[in-house]
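>>> I would like to see how this sequence folds:
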Amino acid sequence: MRGLLKMTIGLAVLAGLLVGADRVAVGVVQDEAAGQLVSSGRLSSKPTVSIDGFPFLTQALAGTFDSVRLSGDGVTVSDGRQQAALRSFTARLSGVEVGSDYRSATVRSGTGSGLISYPDVAKLIQGAERVDLSYGGPGKVRASVAGVEVGQGNVHSSGNTITADGFQLAGMGSLLSGQANAALGPRSFTLTDLPAGLSLAAATPQQDGLLLAFQGTNLKLIG
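Now for the predicted structure:
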């Protein structure tokens, strides 16, 4: 009985050491992966990387991770002219395969989201007249010119292009119809630099900005 007890304690200690080693290893790889995402240009700032699943070392030896999560608040998107910060950026990547030297990685599929504030959206859709946007209800934005609200329009996306159009003049807009009509033509911008190689799936107006949804398959993540 005493021998069995010693064996049980020994196995428990060994299991604890293995779990500890596994957690140390995953922490090191997560930090290294975050740095490589920035150096490869896939993300503009270092994210938090979380590799799901246990044990990590088994996945690492196979070179395939079932699920990897990314998050951060310093990530940006760009239209090639202006940059805009993504608030609360998150992404989940499935089927991540890494090269033997961990300098390359591909992703079977991924989804993500992030929020662009309305002031940043206004920078991206600038035209001859400065138009400021705010939330106008489900699928809608309100437009203001020189601080005066002049109308409400729709937001939709096609590929990586986001368009605000269909503005209907209301209130002060009817009194400023000449200036408002010139300002409230369709406004659009195309994002050319999206995080983690993902593509734009949707743009949805929220109270504090446009919520962007991302998706992609067969992505080159690193290398």
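>>> check contacts around residue 146.
With contacts defined as CB atoms under 8 Å, 6 or more residues apart in numbering, residue 146 is in contact with residue 130. Where you see a C-beta, it was placed from the backbone N, CA and C, and this is true even at glycine.
>>> the longest strand seen in the chain pairs with which strands?
As assigned by DSSP state E, the longest strand anywhere in the chain is strand 209-222. Strand pairing for strand 209-222, using DSSP bridges, gives strand 105-116 (antiparallel), strand 199-206 (antiparallel).
>>> show me which residues of that strand are buried.
By 16 or more other CB atoms under 10 Å, the buried positions in strand 209-222 come out as 209-212, 214-216, 219, 221-222.
>>> check stretch 56-64 too.
56, 59-60.
>>> sorry, back to before: average pLDDT for the longest strand of the chain?
Strand 209-222 shows an average pLDDT of 92 in the prediction.
>>> would you map the strands across the chain?
Ranges of strands in the chain, per DSSP E, are 48-51, 64-72, 76-78, 83-85, 87-98, 105-116, 131-135, 140-145, 148-158, 161-169, 187-190, 199-206, 209-222.
>>> distance between the fifth one and the chain's centre?
It stands for strand 87-98. Strand 87-98 sits 9 Å away from the centroid of its parent chain (CA atoms, centre = their mean, to the nearest Å).
>>> and the angle from it to strand 105-116?
Strand 87-98 runs at 170 degrees relative to strand 105-116, counting by axes from the mean of the first three to the mean of the last three CA atoms, to 10 degrees.
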